[in-house]
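**Q** Mind looking at a prediction? Sequence and model below.
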Amino acid sequence: IFNPNYYKGNMKMMKKLICAFLFTTISFSVFAADNAWWKKAGKPYKGTVLQGITENTPPGNFAASVLAKDFEKLTGIKVRLENTSWDAMYDKAIKDMEANSGIYDFVYIEQDIVYSYLDRDFLVNISKELAGNPSLVAPGVSLDDFTTFIDYFKNGDGDVFGIPMEAFIKVYLYRKDLFEAADAKAAFRSQYGYGLAPATTFGQWRDNAEFFTGYCAEKGMQCWGTTVQGHTGHPASTYEFLESIAPSFGLYNWGVSKDYHSCVKGGGQLNGGRAKAALNFWTQLLPFAPPEALQSTWSEVGASFAAGRAAQGWVYGENAAWIATDAEKSAVVGKVGVTLPPTAEGVMQQAASGKGYIGYFDGGAYGIPHSSKNRKATMLWLQYMSQNEVQADWAIAGGRITHKATYADPKVVAVDAKSDGYFTLMRDTGYLFAGAPEFPFHGAGRGAIDPFIYKALAGEITPEDALDGACQALDKVMKKLGYQK
């Protein structure tokens, strides 16, 4: 109850309180109206079960454990989201769409594979679907609210085929407590002749890795100098090289030329000097990485860093926020520094001018296969998860941001402060990163490269021989598929 006499002589305060009251009332009214719309829109599909598949990652888990349950309470539509391994997710989704069997109503679309899906006409045109069904268009939901990451899921006409559910950059994480330890600083300067600091060059990264491996051993600590996403039987290692290590050395788009050659002799760069320097640098970090490095995908790297087993490393942003803030899962809360990875000379300038990029802007979307048996109900679900109102908690849980307004949300700002400015870094430097090249042959091409990266990591062949073999294998794929003349 307001007492005007209490505020007599302080009209500014009175105005503020009245405005706050009106804003709260209006917000509640809008919220109630929106809820009423969702209930009405979902009524014809009440009891419908939507089957989806996604990768078992923090953003995917949040969608399944929080958003899907809230959506069901509101609409009566059940979302059964299968969170599985990256390998199984791709295998099941592609087989379902190839067979047109209709098992899945929506599937996870990785940014790097979307061009293949569009080329094979697997996906429903979401823009046209919404335009043709105005009664399904949710109030307060707009595709214009997304960041430019949504552009990766558009065709040449600008139509959307996937609704982004995650987007993040791959950052350099380091242990502040280790880098700031007085005895570590003194020992490092004595050994290397310069000051200990997060790496800004590859030589410095190597020195840091060597130093902390020895430092941790002397202290009896279970930690090593660097992470390495070096699984010798999983494409995660190939992706690490092509999308993070190689670009930081100035090798872009897999080293493939405009006329689809990847070997130097044909005008490509996959076995060129920058590529070989990058692979040599990376494989030479293995002696300073945790023992699990050769069995590590992106998930194991995140787990290793969270357990305190590495002093520095390239880490996917989907893991950065929880590693820095979630004490139930992470042993290094309050000890994590976040910054850009080092780059070779000229790379930062090329990235800033749009002629290159320093690393991978990762992410994915949910799309609807043509074979979906519940297309309209699925459209409601995809719009529900597109609301600005659900983004903040999702961002905190998964280190991902797909909406422009999310950066300024108070919840996200608070977590940003606790995670050494991770979200600010993504907002301010995201333009330096890029998604995968627009290769419809992405899966087949990467698969041709995989064995050579595995063998180089295992020490079975030299980095030079690995890239010579990889470019030849990739060229064969591009020629066979008709891209190479």
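**A** Alright, I've got the coordinates. Since the model is a prediction, treat every value here as computed from it, not as a measurement.
**Q** so how many other residues sit close to the closest residue to Thr57 other than its chain neighbours?
**A** Spatially, and ignoring its direct neighbours in sequence, Thr57 is nearest to Glu318 (5.7 Å; CB to CB, 6 or more residues apart in numbering). For every residue, glycine as well, the C-beta is placed using N, CA and C. By the measure other CB atoms under 10 Å, the count of residues near Glu318 is 25.
**Q** which ones are touching Glu318?
**A** Residues near Glu318 by CB atoms under 8 Å, 6 or more residues apart in numbering: Thr57, Pro58, Pro59, Glu166, Phe168, Gly302, Asp362, Gly398, Gly399, Arg400.
**Q** so when I look at it, I'm seeing a helix, right?
**A** Yes: if the criterion is DSSP: H, G, I helix; E, B strand; the rest coil, then Glu318 is within a helix.
**Q** For it, give me the pLDDT.
**A** Looking at Glu318, its pLDDT stands at 91.
**Q** and what of Lys485?
**A** 83.
**Q** In space, what's closest to it - neighbours in sequence excluded?
**A** In space, Lys485 is closest to Asp259, 6.7 Å off (CB to CB, 6+ apart).
**Q** Repeat that for Gly158.
**A** Excluding its sequence neighbours, the residue lying closest to Gly158 (CB to CB, 6+ apart) is Ser127, at 7.7 Å.
**Q** Quick one: list the elements packing against whatever helix or strand that neighbour lives in.
**A** In the assignment (DSSP states H and E), Ser127 maps to helix 126-132. The contact analysis (3 or more CB pairs under 8 Å, 6 or more residues apart in numbering; DSSP states H and E) places helix 126-132 against helix 375-384.
**Q** circling back to that earlier point, pLDDT score for the residue nearest to Gly158?
**A** For Ser127, the model assigns a pLDDT of 97.
**Q** gap between it and Lys479?
**A** As judged by CB to CB, to the nearest Å, Ser127 and Lys479 stand 35 Å apart.
**Q** With neighbour numbers in mind, choose between the two.
**A** Ser127 (16 against 13).
**Q** Let me know whether that one touches Gly162 as I believe.
**A** No: Ser127 lies out of contact with Gly162 (CB atoms under 8 Å); the separation is 11.0 Å.
**Q** In contact with Ser299, which residues?
**A** For Ser299, counting by CB under 8 Å, 6+ apart, the contacting residues are Asn56, Thr57.
**Q** On the three-state scheme, it is what?
**A** Classified using three-state DSSP, Ser299 is helix.
**Q** Look up the pLDDT of it for me, please.
**A** 94.
**Q** For the closest residue to Asp112 other than its chain neighbours, grab phi and psi.
**A** With CB to CB, 6+ apart as the criterion, Asp112 has its nearest non-adjacent residue at 3.3 Å, and that residue is Ala436. Torsion angles at Ala436 (phi, psi; degrees, to the nearest 10) stand at phi -70, psi 160.
**Q** can you tell me which residues contact Ala436?
**A** Gln111, Asp112, Glu243, Tyr360, His442.
**Q** now, which of these lie within helices?
**A** His442 (DSSP state H).
**Q** Please, a ChimeraX command that selects the buried ones among the contacts of Ala436?
**A** The buried residues among the contacts of Ala436 can be selected in ChimeraX (16 or more other CB atoms under 10 Å) with this line:
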select :111,112,243,360,442
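**Q** want to throw the contacts of Ala436 into JSON lines with pLDDT and distance to Ala392?
**A** Shown next, in JSON lines, are those (pLDDT from 0 to 100; distance: CB to CB, whole Å):
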{"residue": "Gln111", "pLDDT": "92", "distance to Ala392": "22"}
{"residue": "Asp112", "pLDDT": "89", "distance to Ala392": "27"}
{"residue": "Glu243", "pLDDT": "97", "distance to Ala392": "28"}
{"residue": "Tyr360", "pLDDT": "94", "distance to Ala392": "24"}
{"residue": "His442", "pLDDT": "95", "distance to Ala392": "32"}
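**Q** farthest-separated two in the contacts of Ala436?
**A** Tyr360 and His442 (13.5 Å; CB to CB).
**Q** neighbours around Asn458, how many?
**A** Quick fix: residue 458 reads Ala, not Asn. Count around Ala458 with other CB under 10 Å applied: 14.
**Q** thinking again about what came up before, quick check: the residue nearest to Lys485 is in a helix.
**A** No: with three-state DSSP as the criterion, Asp259 is located in coil rather than a helix.
**Q** wait, what's in contact with it?
**A** Gly267, Gln484, Lys485.
**Q** Now do the helices for the stretch 351-485 of the chain: every range, in order, please.
**A** With DSSP state H, counting those that start in this stretch, the ranges of helices along the stretch 351-485 of the chain come out as 375-384, 391-398, 410-418, 422-429, 442-458, 463-480.
**Q** need these in JSON lines with distance to Asn155, can you?
**A** Shown next, in JSON lines, are those (distance: least, CB to CB, whole Å):
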{"stretch": "helix 375-384", "distance to Asn155": "17"}
{"stretch": "helix 391-398", "distance to Asn155": "25"}
{"stretch": "helix 410-418", "distance to Asn155": "31"}
{"stretch": "helix 422-429", "distance to Asn155": "26"}
{"stretch": "helix 442-458", "distance to Asn155": "16"}
{"stretch": "helix 463-480", "distance to Asn155": "22"}
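**Q** nearest to Thr339, of the ones you listed?
**A** When the helices of the stretch 351-485 of the chain are compared (using CB to CB), the closest one is helix 422-429, at 7.1 Å.
**Q** buried set for stretch 290-308?
**A** Of the residues in stretch 290-308, those buried (16+ other CB under 10 Å) are 290, 292-294, 296-308.
**Q** before we move on, what about stretch 398-409?
**A** In stretch 398-409, counting by 16+ other CB under 10 Å, buried: Gly398, Gly399, Arg400, Ile401, Thr402, His403, Thr406, Tyr407, Asp409.
**Q** Output those as CSV; include the columns pLDDT and distance to Pro451.
**A** Listed next are the buried residues of stretch 398-409 as CSV, based on pLDDT from 0 to 100; distance: CB to CB, whole Å:
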residue, pLDDT, distance to Pro451
Gly398, 93, 32
Gly399, 94, 32
Arg400, 96, 32
Ile401, 97, 36
Thr402, 98, 35
His403, 98, 40
Thr406, 98, 40
Tyr407, 98, 41
Asp409, 98, 45
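**Q** how far away is the closest residue in space to Gly272 that isn't next to it in sequence from Asn271?
**A** If the residues on either side of it in the chain are set aside, Gly272 comes closest to Val264, at 5.1 Å by CB to CB, 6+ apart. Per CB to CB, Val264 is found 6 Å from Asn271.
**Q** Likewise for Glu292?
**A** From Glu292 over to Asn271 (counting by CB to CB), the distance is 29 Å.
**Q** Put the alpha carbons of stretch 204-214 into PDB.
**A** Extracted as PDB, the C-alpha positions of stretch 204-214 are listed here (Å, rounded to 0.1, in the frame of the first residue of the first chain):
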ATOM      1  CA  GLN A 204      55.200 -19.400 -24.700                       C
ATOM      2  CA  TRP A 205      52.400 -22.000 -24.700                       C
ATOM      3  CA  ARG A 206      55.000 -24.800 -25.100                       C
ATOM      4  CA  ASP A 207      57.200 -23.300 -22.300                       C
ATOM      5  CA  ASN A 208      54.200 -23.000 -20.000                       C
ATOM      6  CA  ALA A 209      53.200 -26.600 -20.700                       C
ATOM      7  CA  GLU A 210      56.700 -27.900 -20.000                       C
ATOM      8  CA  PHE A 211      57.100 -25.800 -16.900                       C
ATOM      9  CA  PHE A 212      53.800 -26.700 -15.200                       C
ATOM     10  CA  THR A 213      54.200 -30.400 -15.900                       C
ATOM     11  CA  GLY A 214      57.400 -30.300 -13.900                       C
END
